[in-house]
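In: fold the following for me, if possible:
(chains A, B, C and D)
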Amino acid sequence: MATRLVEVQNLKKWFPVKGGVFSTTVASVKAVDGIDFFINQGETLSLVGESGSGKTTAGRTVLKLLQPTAGKIVYKGKDITKLTPNQMRPLRRNMQIMFQDPYGSLNPRMPVGDIIQEPLDVHNVGLRRERRKAVTAMMETVGLRPEYEKRYPHEFSGGQRQRIGIARALILNPELLVLDEPISALDVSIQSQIINLLQELQQRLNLTYLFIAHDLAVVRHMSDRVAVMYLGKVVETAENDELFDHPLHPYTQALLSAVPVPDPEVKRERIILQGDVPSPVNPPSGCHFRTRCPYAMPVCKEQEPAAVEVSPGHTVSCHLLTKK
Amino acid sequence: MDNREVLVDVKNLRTFFYTEDGVVPAVDGLDLTIHRGEIVGLVGESGCGKSVTALSIMRLIPNPPGKIISGEIIFHGENLLKKSEEEMRLIRGDKISMIFQEPMTSLNPVFTVGDQISEAITLHQKTDEAEARKRTVEMLHLVGIPEPERRYRQYPHELSGGMRQRVMIAMALSSNPDLLISDEATTALDVTIQAQILDLMRGLQKKLGMAILIITHNLAVVAEMAETIAIAYAGKIVENASAREIFKSPRHPYTYGLLQSIPKFAERRTNEPLPAIEGMVPSPYHMPNGCRFNPRCPFATEKCRAEEPELVELTPGHLVRCFHPIEP
Amino acid sequence: MAEQAVAAEKKKRSSDDYSYVGMVFHRLTRHKLAMAGAVMLILMMLFVFVGPLVWRADPNEQIPGLEGMFNPPSQAHPLGTDDYGRDVLARMFFGGRISLFIGFISAVSATLIGAFIGLLAGYYGGWADNLLMRFTDAMLSIPTFPLLIALASVMGKGMWQIIMVIVVFGWMSDARLVRGLALSLKEQEYVEAARAIGASANRIMWRHLFPNTLAVLIVSTTIGIGSSIIYEASISFLGFGIQAPLASWGNMLQNAQQFIWNAPRLIVYPGLAIFITVLGFNFFGDGLRDAIDPKLKL
Amino acid sequence: MRDYVIRRVLGMIPLILIVMIVAFAIFSLVPNPFAALIENPRIKKADIERLIKAWGFDLPWYLRFFKWFSGVIKGDWGPSLLYPGSSARDVIARALPVTIRVMGIEFLLSLLIALPIGIISAVKQYSVTDYVVTVFSFLGMSMPTFWFGLMMMMLFSVFLKRPSGAPLLPAGGIMTPGLEEAPFWTRFVDQLQYLVMPVLVLAFSSVGSWTRYMRSSMLEVVRQDYIRTARAKGVPERLVINKHALRNALIPIVTLVALSVPGIVGGASITEKIFNIPGMGSLIIAAETKSDYPTAMVGLMLTSVLVIVFNLIADIVYAWVDPRIKYS
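Out: Residues are numbered from 1 along each chain as shown, chains lettered A, B, ... in the order given. All right, here's what the predicted structure looks like:
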């Protein structure tokens, strides 16, 4: 049995909406609205969803970059939900994040050597000389030429910048790495280079990935398990092949069928969802997906569906499955 | 092979940008043919010149710094590059329309969507205001916007991304163009919304019969939409064939590499690394000599480094710019 | 073969590889107005700092008697003499030094104070932001000039007092500017990355946010020097600034105003000097703004 | 929106209080005007002490502030020390119309000149016109008004004379004494001559900065995507600028205009002093140098409150012209 590295229970992250004469909180953006998932050591869990699904917020809340509104985050058996930023600091060595935007995620006024070294400085790891050596070694690991350490981010291409981001995230030898859409801003021919690098590093360093993405083809290639999010909720979780071969939630089914396939010979039956994702300030009652669901029933409006484990490791939150 | 009438024929187009840091040959000898009622996909990575091609056809290259240096764009038998600005204006939005990547920033924030569509109608058709308004509501209905009467009075920021792109499409199709250029029109949208918009475009194409030039970096999108696909690399077309040929037997090493490198959605997971194309897109200021793909090409020879290959028809309808095309 | 590759690599390092400062400098040298401004400022500096080495006259030495007053330009006095029979050229040198010094010190201090307040407000947000920004708003809604005069008359009329006064009323625009920048910068992913590695608030503010506001602050200081010089001159012109016999361009002008009918040229010199200096800073600052603005680059 | 306005109006109260206290605190440091009377042997010491007590100068400044402020709230703005026998309110009421006339004309004139020039300059960026406009804007912005005023005076009042030998334009004041009872047109022409120089001096510098604002706002807008969309649908260039771009470019300008209105009331101290105009600017400075704090404080309060009020108005106007902004 694999060891659980992270477990998240009923996690909520609401952002207040201010208004009224005295600027009081009049509503909340329910970005993450009660989700559960776990990640085993050494595996890749993908959080999949469209914009507004809350997947990015979920990733940042797990790292406590955002303070959760409710729920529990357990890291290696330890509840870290209530830790203050100061108490979190030593733990940050074990959990790192890599960002989507290769331009915005590197400080344009810092040479890349300093960018990669900064985590060592912050955590006071080793002597100054040793830190520089570690930086050199790390640059080689991610496929950057160490002699470029004096250069600034704008002198690198998008793919190289993402390598710098990986180097910064890995220099403290973390266990958990949150990958927040790490390749979606890259050119097609560069994406595969970064995917390969991430997979190679995972095997070599026994890393655990929380992979946040919307590109389902990449998710299928990268993940061990997949959790599908819709409007702040996880609607379905399963092993990779199980989810793609037997999607059970109507939203997952629609999502998978909407993905265009790079093969003109394949003609698939497509489920075209009607309408747009509702506002997370005022999500529909009951099941959040019911307003766009082709199978919506009266009960969906009244009651929120509970997560049901339909087969080992495959959980779905849908009234269609509980009705029988 | 294709007996349909040629609608647009781009020949040896060169569009350069003169920046402070040097000359950028964004489009450098590009050829492209679009037939009446055909959906053509123009695919490439950033910097390959695909958007500049679209703006060149529209004659919307900002000058300075950009300039169309040479070439011909034959549309309905006439060279668009020889047209006066006023003649060109009458073609834009009438015979050729265009939709863009960011539906939020592409709509004017201070006018209602109805005003913006009916402006397009009154510009090109002799209609009074009431007629234009009626036609706008029809168009909103046609592109699948519910409650068109109410939406008419709304501002762009009150609509969702998908709705805004529908508004853009309604505006572009309002005068029944012969050619619709879609520049990454679904890139910024979510998968399920992208599916809606692609579905809509396909449906409208069948109904109205216009040709569509789909510009995208997403091979899967053109696989679903296009009959003919042109692959661009560093300002030139490297391969041009029917969609089926491109995906079944790509002949250019770049096309081949690109197809290999994208993860396959329909295949079960393996732990094999993806066959990636090494290196990166060349800097526009320092184009490699010879074939522009040679520094990244596994099959490159001395000849590729010294000479630039021509675009040749290997089999009927299948054009490739390569000295060592991959055998099918 | 390998040598060729190295040569090609070297050749490639032209435009892509400018350091940021190099790139800004490169663009600045192509900016006509910025270069015109630079020339004006260099000439002004030469005039003020090298001039006294060439033309050694005591700015405060008076030629007594009526024949010493209001002399037209001559070999003994290239710009003539003023109402006390003092050498106007020498007074222009020393007045310029004081004006430039006051302009520079007060603009830099105002920018630093503004940047500090703006950074705190922008980074921490919440009540700290509210408090600091309400204070900034209050300071901005006080009409500057009357209070400047009041403060100047209270604090005395020395150079440092003038600098204080200009700083007290000069930091607000920089505070707003930096706050706005800090608000948008802290949404950048590299700031989030710094938080993710456990960097402290101080480190984020000074290592990540501040260096990224620096370029804008330098522009603001450059233009600020120009307006500080005008402030100094205005205060001195109204008689609340630098006091005679010490010369400043402002009080020379104040003095000359009384003699507009008999010696109008005394008005021309200091005013022209202020005008050219301020214009130089404005031209140069605007060019600098264009040079650091990535939006203008293709 | 209503909540927002209420919130902002409530927020204004502490702001005005802070401004008043800061201003009063600074003024209170100015020496007590009656202390100087001790030097005068003809005034009895007891009288001076009575005056000091009546004016509250025996109290610490914060208590004096409360005394003054409660008076202001009750409508008693205190007597003027500068003009014995008049109340501060009367003194201000005399200065206000003078300032509004000069500044109002200057304000409208600057906008009328600057806005079109700024637009042309932006549309023809990098042209000769643009360069000339830019250089002149900078000349205006860098010109020290006191010097420019003196130079103008030298030119129009010292060097240029009428045939009669009188100066071409009067050097200072607002009207020729003795013409108070003259017919309207005579007075009009007379007063107009007094306005020419101050208005020109002030307008030269504000035209400079308004032109820069308009130009940069316009430049920002013309590179937006929706301008490209307008061109792509065939909108004539004239309309692209005058309709699509201008509506957006004016949004920040309207705000700036609203923020500048209080300046019309506050006056321009130095210009008023040079041209000997009995307006608000020179009044406030004269009042504070003569320790006439009731007049100075009322003048300051008036301008500060206007600044704060127009800040709010600017925000409301912003929401009104930009449909994207909805304060909630």
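In: any idea whether the most centrally placed residue in chain A is helix, strand or coil?
Out: When Cα atoms, centre = their mean is applied to chain A, the residue found nearest the centroid is residue A:212 (2.8 Å). Of the three states, residue A:212 takes strand under DSSP: H, G, I helix; E, B strand; the rest coil.
In: then residue B:26?
Out: strand.
In: shouldn't it be in contact with residue B:14?
Out: No - contact criterion Cβ atoms under 8 Å: residue B:26 and residue B:14 do not qualify, at 9.1 Å. Any C-beta I mention is one placed from the backbone N, CA and C, and that applies to glycine too.
In: show me which of those two is the more surrounded one.
Out: With other Cβ atoms under 10 Å in any protein chain shown as the criterion, residue B:26 and residue B:14 differ in neighbour count, and residue B:26 comes out ahead with 24 against 18.
In: show me where the stretch 151-298 of chain C has its strands.
Out: Assigned by DSSP state E, counting those that start in this stretch, the strands in the stretch 151-298 of chain C number zero.
In: residues of the stretch 51-200 of chain D that sit close to chain C?
Out: Taking Cβ under 8 Å from any Cβ of the partner chain as the criterion, the stretch 51-200 of chain D approaches chain C at residues D:131, D:134-135, D:138-139, D:141-144, D:146-148, D:150-151, D:153-154, D:158.
In: how's chain B carved up into domains?
Out: In the assignment given by automatic domain parsing, the structural domains of chain B cover B:6-95+B:179-186+B:211-320, B:102-176.
In: how many residues are close by the residue nearest to residue B:148 when sequence neighbours are not counted?
Out: Computed as Cβ to Cβ, 6 or more residues apart in numbering or on different chains, the closest residue to residue B:148 that is not its neighbour in sequence is residue B:140, at 3.6 Å. The local packing count at residue B:140 equals 26, with neighbours defined by other Cβ under 10 Å.
In: again, but for residue D:80
Out: 24.
In: got the contact list for it?
Out: Taking Cβ atoms under 8 Å, 6 or more residues apart in numbering or on different chains as the contact definition, residue D:80 lies against D:86, D:87, D:88, D:90, D:91, D:287, D:292, D:294, D:295.
In: repeat the analysis, applying 10 Å as the threshold.
Out: For residue D:80, the contact set (Cβ atoms under 10 Å, 6 or more residues apart in numbering or on different chains) comprises D:86-92, D:283, D:287, D:290, D:292-296, D:298.
In: now residue B:122
Out: For residue B:122, the residues meeting the contact criterion (Cβ under 10 Å, 6+ apart) are B:128, B:129, B:131, B:132, B:133, B:135, B:136, B:174.
In: and if you look at residue A:97?
Out: The neighbourhood of residue A:97, defined by Cβ under 10 Å, 6+ apart, consists of A:59-60, A:62-63, A:65, A:105, A:165, A:168-169, A:174, A:176-180, A:182, A:210, A:212, C:189, C:192-193, C:195-197.
In: which of these are buried?
Out: With neighbours counted using 16 or more other Cβ atoms under 10 Å in any protein chain shown, the contacts of residue A:97 contain these buried positions: A:59-60, A:62-63, A:65, A:105, A:165, A:168-169, A:174, A:176-180, A:182, A:210, A:212, C:189, C:192-193, C:195-197.
In: how about the residues of chain D by chain B?
Out: Applying the criterion Cβ under 10 Å from any Cβ of the partner chain, the portion of chain D that neighbours chain B consists of D:125-126, D:221-237, D:239-240, D:243-248, D:250-251, D:321-326.
In: great, nothing more from me.
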